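Undergrad: sequence plus the predicted model coming up.
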Amino acid sequence: MTEEKEGKLIIFSAPSGAGKTTIVQYLLTKFPELEFSVSATTRQPRGNEENDKAYHFITKEEFLHLIAQKQFVEFEEVYSGTFYGTLRSEIERIWRKGKTVIFDIDVEGGLHLKRKYDGSALAIFVQPPSLEVLKERLIGRGTDSPEKLQERFIKAEKELKYAPQFDIILKNYDLQTACNEAEVLVKHFMAK
Ligand code: 5GP
C-alpha cells in the first residue's frame, strides 16, 4: 500500500508511570498543530478513559482481525494477553490535516516507529528519577492489581535500558520542569 505524503512524528516513550502521558497531554494544550495518535488496545478502560479518545478499546478478535488485514504500523503484546497498536489510518488521518502526530507508546513500539520514520521523527525517552520512584508512582496510581503491578515493574526495569537508543532522554524528576523542557524540544523540532 502506498503511504500518504509523510508529515512529522513526535514519539514519547517510557516505562509506564514515568509521566509521559501527562507530558503529552500538556504539549497538546500548547501546540494546536499536534494531534494525538489514538492507539487500539484490548485492555479495559481505566478510570474515566473515553473510547476513541484515550484508546480505541476493541476486543482481541477485532485486534487479531486488524493484524491480519495489516492495518497496524506497529503493535505489541505489551502485557501478557493485552495488545496495543498504532493504526496506519490514524497516522494518515492526522497527516492529511497537515498536523504532526504525537505518540504515547511503549519503548519497543517507539523504537519501531523511529526506525520506520527516521528523518521525520523525534523520539524522546522520558526518564524517571529511579526504578524505586517509578514503582511508588505506579502503586500510588491505584489502578492496577498486585499481579499487573508486578508485570509493569518487570517491564519497566527492562525498558530503562533502551534509553540511549532514543534521540533525546528527557529527565522527569519534576513534572513542570519536564513539561517546559519538552515544550522547548517540540518547538525546535516543529521549526525545522
Ligand atoms: P497503559 O495500559 O498504561 O495505557 O499503557 C501501557 C503501555 O502501552 C504504555 O507504555 C503505553 O504508552 C503503551 N502503548 C500505548 N499505545 C501503544 C501502541 O499503540 N503501541 C505500543 N507498542 N505501545 C502502546
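TA: It's in.
Undergrad: need the contact list for the closest residue to T22 other than its chain neighbours.
TA: Spatial nearest neighbour of T22, chain neighbours left out: L175 (6.4 Å); criterion: Cβ to Cβ, 6 or more residues apart in numbering. C-beta coordinates here come from the backbone N, C-alpha and C atoms, glycine included. Neighbouring residues of L175 by Cβ atoms under 8 Å, 6 or more residues apart in numbering: G19, T22, I23.
Undergrad: rerun at 10 Å
TA: G19, T22, I23, Y26 (Cβ atoms under 10 Å, 6 or more residues apart in numbering).
Undergrad: ok, now K161?
TA: V107.
Undergrad: how close does A121 sit to F12?
TA: A121 sits 11 Å away from F12, taking Cβ to Cβ, to the nearest Å as the criterion.
Undergrad: what of K97?
TA: Counting by Cβ to Cβ, the gap from K97 to F12 is 20 Å.
Undergrad: okay, these two: which has more neighbours?
TA: The neighbour comparison of K97 against F12 (other Cβ atoms under 10 Å) goes to F12, with 24 against 10.
Undergrad: helix, strand or coil for whichever residue of the chain sits closest to the ligand?
TA: Here the residue of the chain nearest the ligand is G109; by Cβ to the nearest ligand atom that distance is 2.4 Å. Put simply, G109 is helix when judged by DSSP: H, G, I helix; E, B strand; the rest coil.
Undergrad: burial of it, as a residue count?
TA: 23.
Undergrad: was I right about it contacting E77?
TA: No. Assessed by Cβ atoms under 10 Å, G109 is found out of contact with E77, at 11.0 Å.
Undergrad: which residues are in contact with each of these two?
TA: Y84, G85.
Undergrad: measure the residue of the chain closest to the ligand to F12 for me?
TA: In terms of Cβ to Cβ, G109 sits 11 Å off from F12.
Undergrad: overlap in contacts of the two?
TA: Joint contacts of G109 and F12 (Cβ under 10 Å, 6+ apart) are F103.
Undergrad: what stretches of the protein score poorly on pLDDT?
TA: Within the chain, the stretches with pLDDT under 70 are 1-5.
Undergrad: biggest helix in it by residues?
TA: With DSSP state H applied, the helix covering the greatest number of residues in the chain is identified as helix 175-191.
Undergrad: if any of the contacts of L175 are buried, put those into a ChimeraX selection.
TA: To isolate the buried ones among these in ChimeraX, judged by 16 or more other Cβ atoms under 10 Å, type:
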select :19,23,26
